[in-house]
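A.B. asks: Quick one, what's the 3D model for this:
(chains A and B)
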Amino acid sequence: MTAPLLKAQNLSIQFGGLKAVDDVSFEVWPHEVFSLIGPNGAGKTTIFNIISSLYKPTAGRVIFEGEAISHLAPYEIARLGIARTFQNIELFEHATVLQNLLVGRHCQRHSSWWQDLLFTPRVRRTELQFRRHAEEVIEFLDLQHYRDSMVVSLPYGVRKVVELGRALAMRPKLLLLDEPSSGLNVEETEEMGFWIEDIKNDLGITVIMVEHDMSLVSRVSDRVLALNQGEVLTLGTAAEVQAHPGVIEAYLGGVDDLPPNPLPTERGAQAHPGGGGVT
Amino acid sequence: MRFNFTTRYEQDLKLFRHAGQMFWYGLLVLALLLAPLVFSEYFISQLVFIWIYSVVGLGLMLLVGFTGQVSLGHAAFLAMGAYTEAYLQARGWPFVLSITSAAVVSGLTGVVVGLPALRVKGIYLAIATLSFGFIVEEAVTRADSITGGSSGITLGGLEIFGLQIDSETRFYYVSLVVLVLCILGVMNLMRSPTGRAFVAIRDSEISAQSMGIHLARYKTIAFALSAALTGIAGALYAHKLRFLSPEQFTILQSIEMLIMIVIGGLGSIYGAIFGAAFWILAQQFIVAAKDWLPPAIGQQTGLQPTIFGIFLVAFVLFEPLGLYGLWLKIRTFLEIFPFYRKGMFKRQKSYLKSERLK
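C.D. replies: Have a look, this model is predicted:
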């Protein structure tokens, strides 16, 4: 471990009067699974959107492999080797699973449109290469059965895996998973856990994950960052974070809120755990 | 029922997936080559219109069906192609060069029109392209030194490599060759990264850019290529009609072209060609039907738009994939005869209990 892969320095973002993320800093080291947790509206997905440059931070910056990246366009972020999935699945629905995975290889293309128009030998060569890369992902995630199915016709659980596959097809250095288990049943969530472990151990990809399912978080994460209302609550292992009084308070409301104590607290119990993040 | 046993990745890159396909398309090409020997000159002339509108359909399909950008101004690109061809031909340019120039001029205009597409979406883009259509229509009327203004312009005879294209049959072959080349180009595009990027933009812009697709660039390419194809069709159109005037390129034509590909089936190359064939043949049919329909219906003004409107509504309601969707069903029926079931093409949507309602 020499240098952090990704560094968030004093990130803040403001939407009108709302401070969605307020002075958040953290470092992600290579080959770790780093989880962001927090109640709804804590700013987890917003941080993802800042990293993938869909939002520009009002203050602070994101540093990836020693370079500031916040000023880049979203498509340039992908070229650096940062892949992501989305909370509500953003697949190319009217295309096959294979085509979806091949889009993941887009950054590695060398041909221009007129070469594609003529389908020159060079395009053919890269296509074959891309296909091999896509097949590796298909094998890794056991998607053989769905290779030529249209995404529209797939069940939700499989789509979730296909989206993970599409991100992996990019062969990223850093993978951002936005609620990988949302909408999955218990078995599928467990399977997702295995895959995240394999991604980290076998493929050596660093993972940042937003997740509500604490069993999944505890199982796969090396470190966990807890957020509430855009601010950092605590950072540590899953067990440490879960035991942290601030986290318990953020999720369940503080002990102070209980009837015997009339004093109101600053952070109310406005959120519930595992709410599925309708943000 | 045919099972394709794939053993090499190359197999999936082939234009023809199996020998059967090659046989049937071979037969089709043969039939088309021999058609002028069998059919009357009038029918051949209608086939030429089908080829020309197929090229237009391909262009529009690339933009609307594959990239998901709407355009209500495509008649303007047709006009750009047609007038460029007329202008250059009058100055003695050889056909191959002038039709290429028509594609380039039209394509470059497409880039310019594509610029607002980078900023606006949906209905706003439709309005932007619509106004572009009006601008070109107006410009064509005003620039009488090039276009002959509203009195129109006449084209001379066509000559390719010293061969006079003076008969309907000869021009039939010319436009067929152009169409086949255009189809091959679009097929190539759609099996390569550029085509996949188009489809990605159509289905989800946000994840397309997260995959590293430069939205602005690919939308511009889509507009340019779509316009270029339409420009090529325009050049053929100019030679087919031998006379150009501004009222051939109105907003109505743009809308008709859009309806054409919707009826054909959005999102497939077949759709573009089926749509064009339907369009031309149905027009002929309506003209013929006027004679034996009771005069109260047959002589109504606006009979043709009404009928096409009804077709459009029917397709949108019952067969959203258009004629291509119908074709898929018929083909499947034949392929797996007698095992076709009624609801086979019903969208197979499987839910998990935990899936959220949208």
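
A.B. asks: All the strands of the chain, residue numbers only.
C.D. replies: All of this is about chain A. Assigned by DSSP state E, chain A shows strands spanning A:6-15, A:18-28, A:33-37, A:59-64, A:67-68, A:82-84, A:174-178, A:206-210, A:223-228, A:231-236.

A.B. asks: Not quite, go with chain B.
C.D. replies: Ranges of strands within chain B are B:153-154, B:158-160, B:163-165, B:243-244, based on DSSP E.

A.B. asks: Pull the distance from the first one to the chain's centre.
C.D. replies: The chain centroid and the centroid of strand B:153-154 are separated by 25 Å under C-alpha atoms, centre = their mean, to the nearest Å.

A.B. asks: And for stretch B:323-334?
C.D. replies: 20 Å.

A.B. asks: try stretch B:33-47
C.D. replies: 21 Å.

A.B. asks: Buried residues in it, which are they?
C.D. replies: Neighbour-count burial for stretch B:33-47 flags B:36, B:44, B:47 (criterion: 16 or more other C-beta atoms under 10 Å in any protein chain shown). Any C-beta I mention is one placed from the backbone N, CA and C, and that applies to glycine too.

A.B. asks: Over to stretch B:97-114?
C.D. replies: B:98-103, B:105-107, B:109-110, B:113-114.

A.B. asks: and if you look at stretch B:247-256?
C.D. replies: Neighbour count says stretch B:247-256 has B:248-250, B:253-256 buried, by 16+ other C-beta under 10 Å.

A.B. asks: and B:Tyr173, how many neighbours does it have?
C.D. replies: By the criterion of other C-beta atoms under 10 Å in any protein chain shown, B:Tyr173 has 15 neighbours.

A.B. asks: actually A:Glu139, not the one I wrote
C.D. replies: Applying other C-beta under 10 Å, I find that A:Glu139 has 10 neighbouring residues.

A.B. asks: same thing with the one 4 residues further on?
C.D. replies: Here the number of neighbours of A:Leu143 (other C-beta under 10 Å) works out to 22.

A.B. asks: Contacts only, for it.
C.D. replies: A:Leu143 makes contacts with A:97, A:137, A:158, A:161-162, A:165, as judged by C-beta atoms under 8 Å, 6 or more residues apart in numbering or on different chains.

A.B. asks: repeat that with 7 Å
C.D. replies: A:97, A:161-162, A:165 (C-beta atoms under 7 Å, 6 or more residues apart in numbering or on different chains).

A.B. asks: how far away is it from A:Leu128?
C.D. replies: 19 Å (C-beta to C-beta, to the nearest Å).

A.B. asks: tell me the pLDDT at the residue nearest to B:Arg17 when sequence neighbours are not counted?
C.D. replies: Spatial nearest neighbour of B:Arg17, chain neighbours left out: B:Asn4 (6.1 Å); criterion: C-beta to C-beta, 6 or more residues apart in numbering or on different chains. pLDDT, B:Asn4: 73.

A.B. asks: Then A:His272?
C.D. replies: With respect to pLDDT, A:His272 has a value of 45.

A.B. asks: Repeat that for A:Gly254.
C.D. replies: 61.

A.B. asks: for the one 4 residues further on, same thing?
C.D. replies: At A:Leu258, the model reports a pLDDT of 52.

A.B. asks: So in the chain, which helix runs the longest?
C.D. replies: You didn't say which chain, so I picked chain A. In chain A, taking DSSP state H as the definition, the longest helix is helix A:121-140.

A.B. asks: should've been chain B
C.D. replies: Per DSSP H, chain B has its longest helix at helix B:215-241.

A.B. asks: quick check, that one touching chain A?
C.D. replies: Yes. With C-beta under 7 Å from any C-beta of the partner chain as the criterion, chain A is reached by helix B:215-241 at B:Ile221.

A.B. asks: Go through that helix and flag the buried ones.
C.D. replies: Buried residues in helix B:215-241 (16+ other C-beta under 10 Å): B:215, B:218-241.

A.B. asks: OK, contacts around residue 211?
C.D. replies: Picking chain A for this. A:35, A:37, A:179-181, A:217.

A.B. asks: actually it's chain B I care about, not the one you picked
C.D. replies: B:Met211 neighbours (C-beta under 7 Å, 6+ apart): A:78, A:103-104, A:106, A:170, B:200.

A.B. asks: next one: B:Pro246
C.D. replies: If you count contacts by C-beta under 7 Å, 6+ apart, then B:Pro246 has B:137, B:140-141, B:150 around it.

A.B. asks: same thing but 8 Å
C.D. replies: B:79, B:137, B:140-141, B:147, B:149-150, B:152.

A.B. asks: if I look at it, how far off is chain A?
C.D. replies: Going from B:Pro246 to chain A by C-beta to the nearest C-beta, to the nearest Å gives 32 Å.

A.B. asks: how close does that residue sit to B:His18?
C.D. replies: B:Pro246 is 48 Å from B:His18, by C-beta to C-beta.

A.B. asks: ok, now A:Leu143?
C.D. replies: Distance, A:Leu143 to B:His18, by C-beta to C-beta: 24 Å.
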